[in-house]
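# I'd like to go over a predicted model; first the sequence, then the structure.
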Amino acid sequence: MLRIAVAEPEDELPQVVRGSPCRSVVKTMGPSMPQSTTPSNYEDLIRTIHERYDDMSKSYQRIAVYLTQNPNDVAVLSVGAIAERCGVHASNVVRFAQALGYDGFKTLQSLFQRRLSTAAPGFEARIRALERELGARKDRTERGFLHDFRDIASLQNLLVEISDPDLKKAVSLLEKAEVIYLIGQLRSSPVADLLRYILTMLGKRCVLLDPSGGLATRMARAIRKTDLLIAISFRFYATEVVNIVDEAAKRKVPVIAISDSTLSPVAKAATVLFAVPEHEYTFSRSLAAPMCLAQALTVALAARLQGNSADPRIPTVTEQ
């Protein structure tokens, strides 16, 4: 049976599709993908999204980023709510699911629900309770913002998403690096500052690639293969940070990246990537989860350096 893919408006089509009519648009634009290639679990779905991301239309890319950044929200929200947060029409979300071979959005969503229910004992119930709490908050005074529990959801998600092998690999890179270079601009700069402080107190040689004076890019050229670059970058990604990460990776410099998505522009160049999903905020993203991750990495490093996994200590400036 011949099935015809329904394309999106011309200005939303990828350049390769507009310029190459013989190329199949079924891969990203239509619902006629063979069922045998349809991802059957969450891990395969994310892998497929990564493989096809560059060929997706702009609206599909927005959906893809949201799905990878907010897996818990995708499991519990309606298709309309997800479409609103992606800035697209609900029909685009449905067609996105169909382009991946599913009969509709509900089938795709079931993969996220299955992941959530098996992530950790009681995790699904806690996330749903937090969603209800967020939706129920009526106090709009200054004090009412103290009851915003998004940080708790982010921290709960951190415990599930961050893998032990990635943590061990990152700590090993920190331990053997001759010099650790740090870069984080805009909203990410507090995380870089925290890492510089603790790593310096642990006796590691650190260089903060500070944007002041416009010298960060030139300073980064001094990074060697025996060093390490730690890059922190969240939407909307600082161009200088992305460029420095790409250049370092080309020179075979190991990179630890802390970002908000596996589709982040710093993800491909990372030796170790820690994707800390960003929950929706009307003002600014919370740094609670990235800060906790940074502290966990440095405390684990302290345990190795001090040979004391039971009670590692980080010296303070005023310690006698």
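That came in fine, so what should we check first?

# for Tyr42, what are its contacts?
Neighbouring residues of Tyr42 by CB atoms under 8 Å, 6 or more residues apart in numbering: Pro71, Leu111, Phe112, Arg114, Arg115. In short, each C-beta sits where N, CA and C put it, glycine included.

# Number of residues surrounding Ala302?
Ala302 has 22 neighbours, counted by other CB atoms under 10 Å.

# residues contacting Cys175?
No, residue 175 isn't Cys; it's Glu. Neighbouring residues of Glu175 by CB under 8 Å, 6+ apart: Leu301, Arg304, Leu305.

# Name only those of the residues you listed that count as buried.
Leu301 (16 or more other CB atoms under 10 Å).

# Now do the helices in the stretch 1-150 of the chain.
For the stretch 1-150 of the chain, applying DSSP state H, counting those that start in this stretch gives helices covering 15-19, 42-52, 58-69, 71-76, 79-86, 90-99, 105-119, 123-136, 150-161.

# Show me where the stretch 201-320 of the chain has its helices.
Using DSSP H, counting those that start in this stretch, helices in the stretch 201-320 of the chain cover 216-220, 239-250, 288-306.

# list the helices and strands the last one packs on?
Helix 288-306 makes packing contacts with helix 150-161, helix 164-176, helix 189-201, strand 255-259 when contacts are defined by 3 or more CB pairs under 8 Å, 6 or more residues apart in numbering; DSSP states H and E.

# I would like the residues contacting stretch 235-248, please.
Here stretch 235-248 has contacts from 183-186, 188, 209, 211, 216-217, 220-221, 223, 229, 231-233, 255, 257, 259-260, 264-266, 269-270, 278, 285, using CB under 8 Å, 6+ apart.

# still on that earlier bit, redo the helices of the stretch 201-320 of the chain as CSV? Include mean pLDDT and distance to Gly104.
Below are the helices of the stretch 201-320 of the chain laid out as CSV (pLDDT from 0 to 100; distance: least, CB to CB, whole Å):
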stretch, mean pLDDT, distance to Gly104
helix 216-220, 92, 47
helix 239-250, 94, 36
helix 288-306, 93, 32
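
# Out of those helices, the one nearest Lys204 is which?
Comparison of those against Lys204 by CB to CB identifies helix 288-306 as nearest, at 7.9 Å.

# which other residues reach that closest one?
By CB under 8 Å, 6+ apart, helix 288-306 touches 151, 154-155, 157-158, 162, 167, 170-171, 174-175, 188, 190-191, 194-195, 198-199, 202-204, 232, 234, 258, 274, 276, 309, 312-314.

# Give the burial count for Leu297, as a bare number.
Neighbour count for Leu297, taken as other CB under 10 Å: 24.

# how close does it get to Lys225?
For Leu297, the distance to Lys225 (CB to CB, to the nearest Å) stands at 21 Å.

# Count the neighbours of Val65 for me.
Neighbour count of Val65, defined by other CB under 10 Å: 20.

# low-confidence ranges in the chain?
Residues of the chain meeting the criterion pLDDT under 70: 1-36, 119-140, 143-153, 278-284, 317-320.

# before we move on, the earlier item: which one of the helices of the stretch 201-320 of the chain lies closest to His50?
Checking those against His50 by CB to CB gives helix 239-250 as the closest, at 17.1 Å.

# Give me the angle between the closest one and helix 189-201.
Per axes from the mean of the first three to the mean of the last three CA atoms, to 10 degrees, the angle that helix 239-250 makes with helix 189-201 is 50 degrees.
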